[in-house]
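# let me see the structure of the following:
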Amino acid sequence: MNRTWPAGLVDTHVHTAPDVIPRLMTDSELARAVDEAGYRAVVLKSHHTVTAARATMAQEHATETQVLGGVVLNVQATGGINPHAVDTVLRLGGRVVWLPTITAANQVRHAAEKGIASGNLARLGSIEGPGLSVLDDEGRPTADVCQVLDLIAAAGATLATGHIGPAEIVRVVPEARRRGVPNVLVTHPEHSCVGLGLDDQLQLAELGGVWFERVFAVTLPTSDEVPLERIAEAVRTVGVDSTVMATDFGQAHNVSPVVGLQQYVEAMRARGFTHADVEAMTVHNPTAALALDAPAATAEAGA
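Coordinates of the predicted model:
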């Protein structure tokens, strides 16, 4: 890897094959690629399947890089917000638990409003009904969500917010921190399906242990076309210290996640961020967000 790029990179958000839609790389191919590039860690994500066990198998193809996985609490993967499934994933060594993405009520509403239900999201799998909410009728995290948070806290794992909406994020994240979840990744807050405002981000940042995962994929014409300057402004406003730069790559039509992260680094440097800034956002912050330096914890039985 070019010496001007930080050493020990961590990408918290990469999609790999096998999957229900084409992906650029398999788990093992990605593991070899990031190991060769000198990464410290990479996280495998799937909207449809548990990646914790897959990460263990892919680890055989990486000498230095930690290959990590977890689960997204979608209907297709776990039947929804399922504490029993989360308990199993954590026992398998899962590091990240994402709240619903393609089956989140917020995502379902967004797709309907934008008229994209029959487009790209349909290839990922559609469901009938309003989708999964993480809040009850009184606006509080549901009992199942609270059980999931307790399991994540006991395991010292990381919660990621998936595609839930701003009103849900600002209620679930403080509850997660109150219950002892050590780290929360707010998934691509700039994405149109999330749209978490800067005021909300500033308030959440004050909680500590809350990281904003700003992904390169949303800037592309094949995704949301979020201007890179908007991401740069969010970092300047909310802070380098709470930002995690990730790719959200792995789509068959994109370059490799390794090349994508290099491009992202160069783009942020071109927008005035120093080498130290970029190193914080690609090395130190994701290392903290995934608790890579912390001793592994064991999930308690009986979820």
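# helices of the stretch 201-303 of the chain, start to end?
In the stretch 201-303 of the chain, the helices defined using DSSP state H, counting those that start in this stretch lie at 228-238, 257-270, 275-279, 285-289.
# which parts of the second one are buried?
By neighbour count with 16 or more other CB atoms under 10 Å, helix 257-270 contains the buried residues 257-258, 260-262, 264-265, 267-268. For the C-beta atoms, the positions are set from N, CA and C on the backbone; glycine is no exception.
# name the residues of the helix or strand containing Ala153 that are buried.
If you go by DSSP states H and E, Ala153 is part of helix 143-155. Buried residues in helix 143-155, counted by 16+ other CB under 10 Å: 144-155.
# with stretch 189-207 instead?
When burial is assessed from 16+ other CB under 10 Å, stretch 189-207 yields the following buried residues: 189-191, 193-194, 196, 200-201, 204-205.
# farthest pair in these?
Farthest pair in the buried residues of stretch 189-207 (CB to CB) is Cys193 and Ala205. Separation: 21.3 Å.
# just to revisit the earlier point, hmm, who's touching the helix holding Ala153?
Under the contact criterion CB atoms under 8 Å, 6 or more residues apart in numbering, helix 143-155 has outside partners 73, 80-83, 86-87, 90, 97, 99, 134, 136, 141, 158-159, 172, 175-176, 179-182, 297-300, 303.
# only the buried subset of those, as a PyMOL command please.
In PyMOL, this line selects whichever of these come out buried by 16+ other CB under 10 Å:
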select buried, resi 73+80+81+82+83+86+87+90+97+99+134+141+158+159+172+176+179+181+182+299+303
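# show me the contacts of helix 143-155 that map onto helices.
Those of the contacts of helix 143-155 mapping onto helices are 83, 86-87, 90, 172, 175-176, per DSSP state H.
# quick check, nearest of those residues to Ala288?
Using CB to CB, Ala176 comes nearest to Ala288 of these, at 15.9 Å.
# for the closest one, give me its contacts.
Contacts of Ala176 (CB under 8 Å, 6+ apart): 149, 152-153, 159, 184.
# change it to 7 Å
149, 159, 184 (CB atoms under 7 Å, 6 or more residues apart in numbering).
# next: Gly162.
For Gly162, the contacting residues are 72, 98-101, 104, 187, by CB under 7 Å, 6+ apart.
# on that earlier part again, narrow the contacts of helix 143-155 to those in strands?
97, 158-159 (DSSP state E).
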